[in-house]
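Participant: pasting the sequence and the predicted model now:
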Amino acid sequence: MTRMRARLLMLHVLVLALLAVLAVRLWQVQVVRGQEFVTRATETRTRTVIVPAVRGQILDSSGRPLVRNKTALVVSVDRTQLSRMPDGGLAVLKKLSAVLGRPVKDLQQRIRPCGPGVGKPCWTGSPYQPVPLDEKVDTREALQILERQEEFPGVTAEIHSVRQYPGGRAGAQMLGYLQPVTEAELEKREGLKAAFSGVDLVGRDGLEYVYDQALRGKAGLRRVQVDRMGKPLGVEAQTTPVPGDHLVTSIDARVQAVVEKAVNKAMKNAPGADGGAGVVLDARTGRVVALASSPGYDPEIWAGGISARGYQWLMSEKSGKPLVSRAINGQFAPGSTFKVTSVTSMLRAGYPLKGTYTCPGSYTVGGRAFNNFRGIGLGTLTLHTALVKSCDTIFYRSSYEQYLKDGGRTPKKKPKEIFANVARQFGFGKPTGIDLPGESAGRIPDRAWKKNLWNQTSATNCERSRKGYPEVKDRARAEFLKRLALENCEEGFLLRPGDAANFSIGQGDVLVTPLQLARAYMALVSDGKVRSPRIGWAQVRPDGKVVKTIPVPVVGKLPLTEKERLYIKNALSQVAADGTAAGAFSGWPMDKIRVGGKTGTAEVWGKRDTSWFASFAPTKNPQYVVVAMISQGGMGGSTAAPAVREIYEGIYGIKQRAAVPGGRLTTKLPKFAPDGTVIRR
C-alpha cells in the first residue's frame, strides 16, 4: 500500500511538473513572443503578388504603332523548383520537350544562368524569376501542361503581354528590344526591386532602353489569402498597376519603310557593299523622320530568349553584324560632303567669299602631288563652283597654307588649327546627343590626337619596323607596311602636310557618322543652329493625356554669317541639277521640287570607296535633310545619290503613292480618344 501511494505521489509530481512546463511555455508563446508569432502567422496565410503593368507602345508621328503589345500564351519554368528535385528536373524537362517539340538540351541551356564562360542561350534574369521558354505556344500545348500539373511541377502556362513589331525589320536597331531584369540591375536601379514582378523585362537597346522607365509603368500589388497548403482563398487587398506611357516619336513609318527599301536596293546594286545607312531629318525642327541601317534583323528574335545560333548570327561578320546601327555607330570618312566645313574654314581664315581660285589637276603638298579626281584641272573657279564641281586642289592648297601658318612640322605653341576647330563647330568629333544609347563620336584628327595616338601605338610600330610583317603573303604590301611602321615609329606624333591636305576633303583620319553629317547639313540649310536630334516627341498616357513633350535642344551655332551660309547653301542647291549628282537626278522635276546636296566618294585602304550623298529639299525652304551612305558602294554620284533620289520619290510620290501627302510633315501630335485609341487624321 505504501508503495502504491509513493507511485501516485510521483505521478502527481510529474503531472504538476508537466503542467508547470506547459504553463511557462504558454506564457512564453502568448506574452513574451506573442507579437512575433502573430506576425509569422499573418505572413504564413498571406502572399504578396506583384502585378506587372502593361508596357506602353512606341508610336510614329501619326500614331501608327512601331512597337505594340499582343497577348500570348507563355510557358515558363521555375528553375529553383526543378533544382530541388532528385534528378534536377530532368524528367519534367523531358515531358516538356515532348509537348513543345524542342530538344531537352535546348531547354536546359535556356534555363541555365548566364555567367563567365557560359555561352548563349542562357538566362540573364534573376534566379528567382520564372524562365520563359516559349512565347508562341498554342492552346492545345498549354492545356496539356495545365491539365496535368502533377506531371509538370514548376511549369506554368499563362497569358502575358509580349512585344510585336508591325514594321518587321524596319528600324530594329533604333527601336531596341527587351530582356529579363538581372540581379545586378535590381540592386543598382532604385525602385526596380520593390516593383519586380518576376516576369518583368527591361529595355536593352534603342528607344526601349532610353525611355524604359516611362514605358514600363508602375506595377500593382495584390495580397492573397492562402491556406496552409498555399491554396488561394481570396484577395485581401489590391493596388491596380499603372500602365506605362506611350512614346510618340517623330518617325514617320511610311518614310521609314521608303528609306529601308532604298538603302537595301542600293546595297544590292553595289557589288561588295557591306553596310548602309539612311537618315531623314526634319530641317525645321531637328527631329528624326527616319533612321535606317542595313543589314538589319527581326527584333522578334529576342522573344522568349535568343538561341545560340541566333545570337552568333547577330554577332558574326558573315551577317554584317546587324545589331550595329550604321546610322549612329558607323564611322566613315565623309569624302567631299565634308567640303562645306572646308569652305567655312577658308572664310574664317580670311579667304574672300567672292574671290576666284585656281583648280589645277594636281597640287604639291610637302613634296607629294595630290590630285583632283582623275587629275582633271577645272581652271579658275569661285567657291560656289568649287562646291558644285567638287574641286579638290583648291582645298588642298588652303588647308596646307594654314598648316604652314601654324608652324607645319614644328608647330607654334598655340596653333589655330582652323580647319579642325571649324569642323568641331559643325558638330563633328563628338556625339550628337540623340536619344539613343551608344552613339559614336567620330574623329577630327588634330595635333593633340596625333600625339595621343603615337603614345598608344609607338611601341608596336617600332617593333614592327624591325620584325616586319612575315604573316602578310604579298611581298610588296609587307614591305610597304614595314616602311609605314618605321615612319610612324620615328615621327608618328607629327601632323604631316599630307594629313592636312586629306583633312580638307574628308579623307585620311577623318571619321563621321551618317547622323552627324545630316545634323551638320540641317544646321547649314536651316538657321545656322546646331541641334541635338530627337526621336522621342512626347510621352502620352493611355487615356491620351500628354505627360510631357520632348524638346530638341540647340547645342551650338555654325561659324558663318547669314550671307556666307546662304552662299554655301545656294552652291549646294545646284549640285543635283548641274554638278556631281546631275546624272542621278536626270529627269527629276527640279521646277517643282528642287533638290540640293553634295556627293562624297571616300577612299578606304584595301576596300572599295564609301559612297555618300548629303541632301536637302526643297532648296528654297528646306523641309527634309536626307543622307545616304553605302559602305564599299563606290562613287557617291552612282550609288548613294540614286538611293536619295528614290527616297525623295517615295516621300513626294513621284510615279508612286506619296509617303507624305503634299510633302509636308505634321507639326501636331496625334489625337487620342478617351480610351487611348488614336484618332486618325
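Facilitator: Perfect, I can see it now.

Participant: point to the residue nearest the middle of this structure.
Facilitator: Nearest to the mean C-alpha position of the chain, by CA atoms, centre = their mean, lies G206 at 4.3 Å.

Participant: list the residues that contact it.
Facilitator: Contacts here follow CB atoms under 8 Å, 6 or more residues apart in numbering; on that basis G206 touches Q173, M174, L175, G176, Y177, L436, P437. C-betas here are computed from N, CA, C, even on glycine.

Participant: and if you look at F616?
Facilitator: F616 neighbours (CB under 8 Å, 6+ apart): A283, Y521, M522, V525, L572, V595, G596, G597, P622, Y624, V625, V626.

Participant: got the buried residues for the longest strand along the chain?
Facilitator: What stands out as the longest strand in the chain, according to DSSP state E, is strand 65-77. Buried residues in strand 65-77, counted by 16 or more other CB atoms under 10 Å: P65, L66, V67, R68, N69, A72, L73, V74, V75, S76, V77.

Participant: of these, closest to G662?
Facilitator: L66 (22.7 Å; CB to CB).

Participant: pretty sure the closest one contacts G168?
Facilitator: No. Assessed by CB atoms under 8 Å, L66 is found out of contact with G168, at 10.9 Å.

Participant: still on that earlier bit, so which of the buried residues of strand 65-77 comes closest to G355?
Facilitator: L66 (49.6 Å).

Participant: that closest one and I145: what is the separation?
Facilitator: When distance is defined by CB to CB, to the nearest Å, L66 is 33 Å away from I145.

Participant: for the following helix or strand past the longest strand of the chain, what is the distance to the chain centroid?
Facilitator: Reading on from strand 65-77 to the C-terminus, the next helix or strand found by DSSP states H and E is helix 79-83. Offset of helix 79-83 from its chain centre (CA atoms, centre = their mean, to the nearest Å): 36 Å.

Participant: residue contacts, G167?
Facilitator: L66, A253, Q256, A257.

Participant: let's go with 10 Å and repeat that
Facilitator: Counting by CB atoms under 10 Å, 6 or more residues apart in numbering, G167 makes contact with D60, R64, P65, L66, V67, L175, I251, A253, Q256, A257, E260, P299.

Participant: now that we have these, which one has the most neighbours?
Facilitator: I251 (30 neighbours; other CB atoms under 10 Å).

Participant: is it true that that residue lies in a helix?
Facilitator: No. Counting by DSSP: H, G, I helix; E, B strand; the rest coil, I251 is not part of a helix but coil.

Participant: and it, what does it touch?
Facilitator: 58-62, 64, 66, 167, 170-171, 174-175, 207, 280, 287-291, 535-537.

Participant: so P514 makes contact with G330?
Facilitator: Yes. The pair P514 and G330 qualifies as a contact (CB atoms under 10 Å) at a distance of 6.7 Å.

Participant: the more surrounded of the two?
Facilitator: P514 (28 against 22).

Participant: would you check how far apart that one and A327 are?
Facilitator: 5 Å.

Participant: quick check: neighbours shared by P514 and G330?
Facilitator: Joint contacts of P514 and G330 (CB under 10 Å, 6+ apart) are G276, A277, S293, M629.

Participant: assign a three-state SS to the second one, would you?
Facilitator: Following three-state DSSP, the label given to A277 is strand.

Participant: can you check the third one too?
Facilitator: Assigned state for S293: strand (three-state reduction, three-state DSSP).

Participant: so it sits against M174, correct?
Facilitator: Yes. Judged on CB under 10 Å, S293 makes contact with M174 at a distance of 7.9 Å.

Participant: mind listing the strands for the stretch 301-450 of the chain?
Facilitator: Along the stretch 301-450 of the chain, the segments classed as strands by DSSP state E, counting those that start in this stretch run 356-359, 362-365, 368-371, 379-382.

Participant: ok so, going back, pull the most distant pair out of the shared contacts of P514 and G330.
Facilitator: S293 and M629 (9.9 Å).

Participant: of the two, give the one with the bigger neighbour count.
Facilitator: The neighbour comparison of S293 against M629 (other CB under 10 Å) goes to M629, with 36 against 29.

Participant: so can I have CSV of the strands of the stretch 301-450 of the chain showing mean neighbour count?
Facilitator: CSV is the format used below for the strands of the stretch 301-450 of the chain (neighbours: other CB atoms under 10 Å):
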stretch, mean neighbour count
strand 356-359, 17
strand 362-365, 18
strand 368-371, 15
strand 379-382, 14
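
Participant: can you get me a residue count around E439?
Facilitator: There are 19 residues near E439, going by other CB under 10 Å.

Participant: V525 versus that one, what's the distance?
Facilitator: Counting by CB to CB, the gap from E439 to V525 is 23 Å.

Participant: quick one: mean pLDDT for stretch 554-570?
Facilitator: Mean pLDDT, computed over stretch 554-570, is 97.

Participant: what's the end-to-end length of stretch 543-560?
Facilitator: 46 Å (CA to CA, to the nearest Å).

Participant: what are the buried residues along that stretch?
Facilitator: Quick answer for stretch 543-560 (16+ other CB under 10 Å): G544, I550, V552, G556, L558, P559, L560.

Participant: and what of stretch 333-350?
Facilitator: Quick answer for stretch 333-350 (16+ other CB under 10 Å): 333-349.

Participant: report the two of the buried residues of stretch 543-560 separated the most.
Facilitator: Among the buried residues of stretch 543-560, G544 and P559 lie farthest apart (CB to CB), at 44.2 Å.

Participant: before we move on, back to that, what's the overlap in contacts for P514 and A327?
Facilitator: With CB under 10 Å, 6+ apart, P514 and A327 have common neighbours G276, A277, G278, V279, L291, A292, S293, V627, M629.

Participant: highest neighbour count among the residues you listed?
Facilitator: Of those, with other CB under 10 Å as the count, M629 tops at 36 neighbours.

Participant: roughly how far is the host helix or strand of that one from the heart of the chain?
Facilitator: In the assignment (DSSP H and E), M629 maps to strand 624-631. In terms of CA atoms, centre = their mean, the centre of strand 624-631 is found 17 Å from the chain centre.

Participant: how far does the helix or strand that comes right after it sit from the chain's center?
Facilitator: Following strand 624-631 in sequence order, the next helix or strand is helix 641-652 (DSSP H and E). The chain centre lies 24 Å from the centre of helix 641-652; the measure is CA atoms, centre = their mean.

Participant: CA atoms of the strand holding M629 as CSV?
Facilitator: Taking only C-alpha atoms (Å, rounded to 0.1, in the frame of the first residue of the first chain), the coordinates of strand 624-631 have been written out as CSV:
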residue,chain,number,x,y,z
TYR,A,624,13.9,67.5,-95.4
VAL,A,625,17.6,66.7,-94.9
VAL,A,626,18.4,63.2,-96.4
VAL,A,627,21.7,61.5,-96.1
ALA,A,628,22.6,58.1,-97.6
MET,A,629,25.8,56.2,-97.0
ILE,A,630,26.8,52.9,-98.7
SER,A,631,30.0,51.3,-97.3
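
Participant: which stretches of the stretch 51-200 of the chain form strands?
Facilitator: Using DSSP E, counting those that start in this stretch, strands in the stretch 51-200 of the chain cover 58-59, 65-77, 131-134, 155-164, 178-180.

Participant: that older thread, out of the contacts of I251, list just those in helices.
Facilitator: Those of these mapping onto helices are M174, L175, L207, per DSSP state H.

Participant: contacting residues for the last one?
Facilitator: Counting by CB under 10 Å, 6+ apart, L207 touches 58, 66-67, 171, 174-176, 215, 247, 249, 251, 435-437, 535-536.

Participant: for these, which one is nearest A658?
Facilitator: Closest to A658, out of all of the contacts of L207 and judged by CB to CB, is I251, at 17.1 Å.
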